[in-house]
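Q: The amino acid sequence is not available; the structure is as follows:
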């Protein structure tokens, strides 16, 4: 074969390969678009979003409304649901276990599309949540998970927070600091997931350090009065206490007040965690709390809605996904306390935003 | 008035062992004081750091709120009643006071408004029980739930956690301040105990409460205005409960109305009954409340130092309550005088 002929064949060969490759790519894209139920345009994407979400109901059962943590979830869910045309319903059991189970049952009977559950303990709602998924309801659990894991868990990574708390205590009271090494742990509810995981993590770190002595580890049922009285007693018993770890900042404020009364705020390191409401930042500025792990409850409210939107658009059936969205955690100390918390109760301007009537385009066919 | 004629007859007629006779010669509050001393002795020996002035002051301080609540409840129980709405009314009103202060009201006016609310609830309770004659157990159970719902919905805007604002730091003195080294809650407890003691033992209205609690019909026949007296008792109980709740809010600089769902009201009844203010009415005094508070305070303090959890603490408290009720039945057996209609 002469040279020019050979070249021609090679060029044609390359052209054919290019065309074949391009057509394969286009067909792949088309197939992918078909799978997602949309073709390329933004309008189509918006239509898919609207069709999947508009008019869908999301039901929320917190432990109780009216505290910064649950209030901020409620706020963001209420606002974002309205913005995308979903119907938001909340049933408030006000710390009553039986009422909590009843509220979940009622939502299942009503046939909501997404159910958001805040578990009082690990057993209480397990069966009901399974039942909800079987009935075709997406179930999102928030902050305190049940024994039964559902489609999505949104919430703090308790284990990691516990590890970080223990590390901070080690830094303050551990070897070489010349301190007593005495630590008190103020637990919340012994059966709640948050409590179990956090205490387990704290102990897993502290047990490797013989210089640290856990002198008290008691449950105060999330009650600041009990934490206050217990701390007052512990301080008399151990006047050289080095640090205290509280599972929930709001109830740990009681213990912090007792430390202040005993004029020991400089000596005792107060470490705790929570959603980051302004009362905590005020307490940090007043020197009552030293280190606070903030899992940003306003963002958690947004995460719940993001998860709900994702599930409703995904084409998945309830029970198919197992997704964890652990909340990003920021450490608040005196250095950043002036700008790290959200106001609670929410100021008027924020509440006004809940009353906005959003314009909706009709869904085109 | 500590021993009725019926009991005297009983103790003479019955076979009566020596122990029973010896116990009978003691009042219940004396027995409780003895038991308290036994526990104090045991804890002092086995728990390091229990028998120190500092710890005993903490013990007293921690029991002050419960003690104040119990003195209020004591008045009602002496009059053969019970007020299950006391903690609820006090707590939601104190929460309202914090909310008012948060919204910019001064400390004094906020506290006075809260007091007005509490007095209103007390008068309504008294009216329901004295004039409409609803048994106190049901009347106050219902009114407590009603007040909780009403205040939480209309006055607290459904908020659970309330905080003392920065502008009202003086309010914290009631719970966190000290006069001459003695914490304010202890001083409040002492003053209220003194006033109520004088009221019950030195003033005719106070004495009449015993008469009414012992035998309401006889009291009425002798010319005592039994119905207005009951209104007075429930109003006093609510007002004293309010003081306790204000001290409580001040000591933690916050109040979570969730306290309503806690076992606090049962702790109050426990202290009252334990000290010897019998549920059959007409018996006991402020000293009984002090004795009951001392025993429960000692137990709680010891258990906290021993690092026992709240579940174990509740178990011990419930066993002690059961023991106290058994002792009450043993010391004040049912006879034709005490077994009457209208038990609570």
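A: Nice, I can see it. This structure is a prediction, so every number in the text was calculated from the model and none was measured. Residues are numbered from 1 along each chain as shown, chains lettered A, B, ... in the order given.
Q: For the stretch 101-250 of chain B, just list every one of the strands.
A: B:161-163, B:178-179, B:182-183 (DSSP state E, counting those that start in this stretch).
Q: out of those, nearest to chain A?
A: strand B:161-163 (4.9 Å; C-beta to the nearest C-beta). Where C-beta positions appear, they are placed from N, C-alpha and C, glycine not excepted.
Q: which residues touch that closest one?
A: A:66-68, A:250, A:279, B:95, B:98-99, B:102, B:156, B:249, B:253-257 (C-beta atoms under 8 Å, 6 or more residues apart in numbering or on different chains).
Q: who does that strand pair up with?
A: Applying DSSP bridges to the sheet, strand B:161-163 is found paired with strand B:254-256 (antiparallel).
Q: Check what contacts the partner strand and list those residues.
A: Residues contacting strand B:254-256 (C-beta under 8 Å, 6+ apart): A:67, A:223-224, A:250-251, A:253-254, A:279, B:91, B:94-95, B:98, B:160-164, B:245, B:248-249.
Q: What residues does the closest residue to chain A within the stretch 101-250 of chain B make contact with?
A: Residue of the stretch 101-250 of chain B nearest chain A, by C-beta to the nearest C-beta: residue B:160 (3.6 Å). By C-beta under 8 Å, 6+ apart, residue B:160 lies in contact with A:64, A:65, A:66, A:67, B:256, B:257, B:258.
Q: My read is that the second one contacts residue B:158, right?
A: Yes: in this structure, residue A:65 is within contact of residue B:158 by C-beta atoms under 8 Å, at 6.0 Å.
Q: between these two, which one's more packed in?
A: Of the pair residue A:65 and residue B:158, residue A:65 is the one with more neighbours under other C-beta atoms under 10 Å in any protein chain shown, namely 18 against 15.
Q: Run a quick neighbour tally on the closest residue to the more buried one other than its chain neighbours.
A: Of all residues not flanking residue A:65 in the chain, residue A:92 sits nearest, at 4.7 Å (C-beta to C-beta, 6 or more residues apart in numbering or on different chains). Neighbour count for residue A:92, taken as other C-beta under 10 Å: 19.
Q: Could you look up the SS state of residue A:92?
A: coil (DSSP: H, G, I helix; E, B strand; the rest coil).
Q: can you pull the pLDDT of it?
A: For residue A:92, the model assigns a pLDDT of 93.
Q: Then residue B:322?
A: So, for residue B:322, pLDDT stands at 85.
Q: Counting by contacts, list what the strand or helix carrying it packs against.
A: Assigned by DSSP states H and E, residue B:322 belongs to helix B:310-331. With contacts defined as 3 or more C-beta pairs under 8 Å, 6 or more residues apart in numbering or on different chains; DSSP states H and E, helix B:310-331 has these neighbours: strand A:213-219, helix B:18-24, helix B:28-46, helix B:264-275, helix B:286-305.
Q: out of the ones you listed, which comes closest to residue B:318?
A: Nearest to residue B:318, of all the helices and strands packed on helix B:310-331, is helix B:264-275, at 8.4 Å by C-beta to C-beta.
Q: which residues are contacting that closest one?
A: Applying C-beta under 8 Å, 6+ apart, the set of residues contacting helix B:264-275 is B:28-29, B:32, B:66-67, B:69-70, B:73-74, B:77, B:82, B:84, B:86-88, B:279, B:284, B:287-293, B:295-296, B:317, B:320-321, B:324-325, B:328.
Q: make it 6 Å
A: Residues outside helix B:264-275 that contact it (C-beta atoms under 6 Å, 6 or more residues apart in numbering or on different chains): B:29, B:32, B:66, B:69-70, B:73-74, B:77, B:84, B:87, B:288-289, B:291-293, B:296, B:321, B:324.
Q: ok, now stretch A:177-188?
A: A:169, A:173, A:195, A:211-217, A:219-220, A:222, A:227, A:234, A:238, A:240-248, A:252, A:255.
Q: In strands, which of those residues appear?
A: Those of the contacts of stretch A:177-188 mapping onto strands are A:213, A:214, A:215, A:216, A:217, A:219, A:243, A:244, A:245, A:246, per DSSP state E.
Q: Pretty sure the last one sits against residue A:254.
A: This points to residue A:246. No: counting by C-beta atoms under 6 Å, residue A:254 is not a contact partner of residue A:246; they are 9.0 Å apart.
Q: which one of the two has more residues nearby?
A: Remark: of residue A:246 and residue A:254, residue A:246 carries more neighbours, 30 against 26, as counted by other C-beta under 10 Å.
Q: on that earlier part again, which of the contacts of residue B:160 sits closest to residue A:334?
A: residue A:67 (24.3 Å).
Q: Over to the closest one: give its phi and psi.
A: phi -120, psi 160 (degrees, to the nearest 10).
Q: and if you look at residue A:138?
A: Torsion angles, degrees, to the nearest 10, at residue A:138: phi -70, psi 140.
Q: Please apply the same query to the one 3 residues further on.
A: Here is the backbone geometry of residue A:141 (degrees, to the nearest 10): phi -110, psi 140.
Q: That one and residue A:252: what is the separation?
A: 24 Å (C-beta to C-beta, to the nearest Å).
Q: Ok, residue A:186 next?
A: 6 Å.
Q: more neighbours, those two?
A: Neighbour count, other C-beta under 10 Å: between residue A:186 and residue A:252, residue A:252 has more, with 31 against 27.
Q: quick one, what contacts the more buried one?
A: Residue A:252 sits in contact with A:186, A:246, A:272, where contact means C-beta under 6 Å, 6+ apart.
Q: Quick check: of these, which lies closest to chain B?
A: residue A:186 (11.4 Å).
Q: State the pLDDT value of that closest one.
A: Per the predicted model, pLDDT is 95 at residue A:186.
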